[in-house]
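[1] With the sequence up front, the predicted model follows.
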Amino acid sequence: MADFPLSCSVEDARHSLELAKSMHQRAHAMWQNARKTLDATEAMHKGLHTRIEELAARGAFRREFTTTLLSGILDATIQATGADMGNIQLLNPQNGHLRIHVQRGFERPFLEFFNSVYADEAACGTALKKMQRVIVPDVADSLLLTHSDCVEILLDAGVRAVQFTPIVGKSGRIWGMLSTHYRKVNQPNHKDLQLIDYCANWAAALLDANHRAAYLNGRPSAHNGNGPDIPAAAAPCVR
């Protein structure tokens, strides 16, 4: 039996054409937005690495420069992954505690509480010990957060989900932790985790270079718990 084409009115054809145009325009707009995001991320990456190289050429990192760069890395992580809050903690190898070096979105009750909790009492301690990322999709329902006061403080701070990614240098030395926090139950997708790893590597490169510069200039490492690149006012904050 012969096949006959389906009938199509002029109005149907016009409607299909308009729909195709609309879909094409939307696809083009999505592509442009994706391109802009990628370009902005690459530019930020190049800018940070340029600043790292400039500072390294001077032979040493001053505290304000290190803090500024880590702040930029944290801001980039939060913005790129759609997180609501975050912080970068640096490890004090003398006592095994983490200190909040830079943070976004937290207020005094949260910061004061997490200045008095030992690392083995919460999920961050697990990430630190295993040197692996830990994700808590729901703070209110997690076996990793067994400290009831810890859960209460997190919820009071508006945190419903959190991830902890160790900052590890090329030598395998752990420098600290990059954490992002979310106001809703959340499981970061593969793309977001790649971006977090990317930013953690930026931070590790910065701290590696900082350590090398301090060593070459005969100064104590900025990461020995007493070095000039750690704010003196920061109390140990372990989570």
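    Received the coordinates, thanks. Numbers count the residues shown, from 1 in each chain.
[2] where exactly do the strands run in the protein?
    Secondary structure of the chain (DSSP state E): strands located at 85-92, 97-104, 134-136, 161-168, 174-182.
[3] ok and the last one relative to strand 85-92, angle-wise?
    I take that to be strand 174-182. 160 degrees (axes from the mean of the first three to the mean of the last three C-alpha atoms, to 10 degrees).
[4] Give me the angle between strand 174-182 and strand 161-168.
    Computed by the same axes, to 10 degrees, the angle separating strand 174-182 from strand 161-168 equals 160 degrees.
[5] and the angle for strand 174-182 with strand 97-104?
    Going by the same axes, to 10 degrees, strand 174-182 makes 40 degrees with strand 97-104.
[6] residue contacts, residue 157?
    85, 106-107, 109-110, 181 (C-beta atoms under 8 Å, 6 or more residues apart in numbering). Placement of C-beta: from N, CA and C, glycine included.
[7] Residue 208 too?
    Applying C-beta under 8 Å, 6+ apart, the residues near residue 208 are 169-171, 175.
[8] shaky segments in the protein?
    1-8, 10, 12-13, 42, 44-63, 115-126, 146-148, 214-239 (pLDDT under 70).
[9] at 50 what do you get?
    59-61, 117, 221-239 (pLDDT under 50).
[10] sorry, back to before: buried only: go through the contacts of residue 157 for me.
    For the contacts of residue 157, a neighbour count by 16 or more other C-beta atoms under 10 Å gives the buried set as 85, 106, 110, 181.
[11] Mind picking the one among the residues you listed that's closest to residue 150?
    Distance to residue 150 across the buried ones among the contacts of residue 157 (C-beta to C-beta) is lowest for residue 110, with 10.5 Å.
[12] hang on, that closest one packs against residue 153?
    Yes. Taking contacts as C-beta atoms under 8 Å, residue 110 lies within contact range of residue 153: 6.0 Å.
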